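# got a predicted structure here, sequence first:
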Amino acid sequence: MSFHVKSNALILAISSCLVLSACQKQQETKETTTENKSEIEKQIEQQPTKKFANTPNDGKDIATLIDFQERFSNMSDEMENELMTMQKEGNLTPEFEIERRKDVINSAFSMLKALDLKTEQGRYIQGLLYQYWEGQQTVLKQRQAQPNASYVNSSLDQYLQAQKQLQQWKASQPRS
């Protein structure tokens, strides 16, 4: 298991918590954080990657998916920075934050749909990522309906599987 996949998964888990926090800061103990990391690592290690035949389009699809990740990460980081700045300035309302989070989810859907992937493996990874964002959307809707309830994004495993699959696919390619 590569360090890159684990660090991406941990970054995603932290981002997911921020995406769905809706301005309510809860104090986490070091023990809880350690338990969460262990759970995430277990999820990553338990799921085997699917095997796909190599194709001439593998390199292009891998590059397309990596580009998607980088562009989406940059956009998401900008949104988080904007929300943090607004919160520090006292200008952040729960309604605005929810709308921005909906925007991020809808952007993820749009960006994923726009990917022109040619391989079965690329489309498989795209599907896993789409399922993850559907889960994010569901949790956000649940939080809107019951803001004080606790929700778990059960679709995190799709994201982790997509990351693991992409890293394994990339590593299996001949070096140019």
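Right, received. Where do you want to start?
# how far does stretch 83-98 stretch from one end to the other?
11 Å (Cα to Cα, to the nearest Å).
# that stretch - what's its average pLDDT?
Mean pLDDT, stretch 83-98: 92.
# please point out which parts of it sit buried.
Within stretch 83-98, the residues that count as buried by 16 or more other Cβ atoms under 10 Å are 83, 92, 97, 98. Using the backbone N, CA and C atoms, a C-beta is placed for each residue, glycine as well.
# any chance of these in CSV, plus secondary structure and distance to residue 134?
Putting the buried residues of stretch 83-98 into CSV (DSSP: H, G, I helix; E, B strand; the rest coil; distance: Cβ to Cβ, whole Å) gives the following:
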residue, secondary structure, distance to residue 134
83, helix, 22
92, coil, 26
97, helix, 20
98, helix, 17
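# lowest average confidence, helix or strand, in this structure?
For the chain, using mean pLDDT, DSSP states H and E, the weakest element among its helices and strands is helix 3-19, scoring a mean of 46.
# now the helices for this structure?
3-19, 30-46, 58-89, 94-114, 120-145, 156-171 (DSSP state H).
# for the shortest one, packing partners?
The contact analysis (3 or more Cβ pairs under 8 Å, 6 or more residues apart in numbering; DSSP states H and E) places helix 156-171 against helix 3-19, helix 30-46, helix 58-89, helix 120-145.
# same question for the third one.
Using 3+ Cβ pairs under 8 Å, 6+ apart as the contact definition, the elements that helix 58-89 packs against are helix 3-19, helix 94-114, helix 120-145, helix 156-171.
# so which of those is the most packed in?
helix 156-171 (a mean of 21; mean count of other Cβ atoms under 10 Å).
# so where is this protein shaky, pLDDT-wise?
Applying pLDDT under 70 to the chain flags residues 1-46, 151-153, 176.
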